[in-house]
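Undergrad: The sequence and its predicted three-dimensional model are supplied below.
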Amino acid sequence: MRPRWWPLLLAAATFSSGCLFLAPRPEFRPGAIRERTVILSVEGTLGLAFEGAYGTPQQSTSVRGVVPAEFVVRTRLAVVATFTKAAAEGELVVRVLEDGREVQRRSTSAPFGTIVVNRAYAP
């Protein structure tokens, strides 16, 4: 035999779960997420050759270069990059700078090593 309060519990559970579907979705106004200027600074062994790609999840640019190098990304949502050493020797370092401040650093000394950068921004 069920307690007398059972129908109230069932009604409360049904009502509260239904409220989730009625809640308004958050709106993102244009300009609500500020654009960031991110600098990818490729450093390490001077003259070390590298190749890779950098940009945003929607658009990237392929590159080949030598250390040192810098690449600028303007984004509202995320910055992504992949850089691979073109030689067995040497060290490759990638620093992510926002507003002149280092927020991420990756490095590799592995032969033909690869560095992956993936940084997302919340509204």
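TA: All right, it came through fine.
Undergrad: mind listing the helices for the protein?
TA: 6-22 (DSSP state H).
Undergrad: Tell me where the model's unsure across it.
TA: The model of the chain has pLDDT under 70 over residues 1-32, 123.
Undergrad: residue boundaries of the strands in it?
TA: According to DSSP state E, the chain carries its strands in the segments 36-44, 49-55, 60-66, 69-75, 78-85, 92-98, 101-108, 114-120.
Undergrad: what's around residue 57, how many residues?
TA: 12 (other Cβ atoms under 10 Å). Every C-beta, even on glycine, is put in place using the N, C-alpha and C of the backbone.
Undergrad: Could you measure from it over to residue 41?
TA: Note on residue 57: its distance to residue 41, by Cβ to Cβ, to the nearest Å, is 21 Å.
Undergrad: can you check residue 96 too?
TA: Residue 96 sits at a distance of 8 Å from residue 41 (criterion: Cβ to Cβ).
Undergrad: Neighbour count for the two, which is higher?
TA: Using other Cβ under 10 Å as the criterion, residue 96 and residue 41 rank with residue 96 on top: 19 against 16.
Undergrad: what's the closest non-adjacent residue to the more buried one?
TA: residue 104 (3.9 Å; Cβ to Cβ, 6 or more residues apart in numbering).
Undergrad: Thought residue 116 was touching the one you found, still the case?
TA: No: with contact defined as Cβ atoms under 8 Å, residue 104 does not reach residue 116; the gap is 11.0 Å.
Undergrad: Among those two, which residue is more densely surrounded?
TA: Between residue 104 and residue 116, counted using other Cβ under 10 Å, the more crowded position is residue 104 (15 against 12).
Undergrad: Residue 51: neighbour count?
TA: 13.
Undergrad: now the spatially closest residue to it that is not a sequence neighbour: how far from residue 49?
TA: Distances taken as Cβ to Cβ, 6+ apart put residue 64 closest to residue 51, at 4.5 Å, once the chain neighbours are dropped. Using Cβ to Cβ, we find residue 64 at a distance of 7 Å from residue 49.
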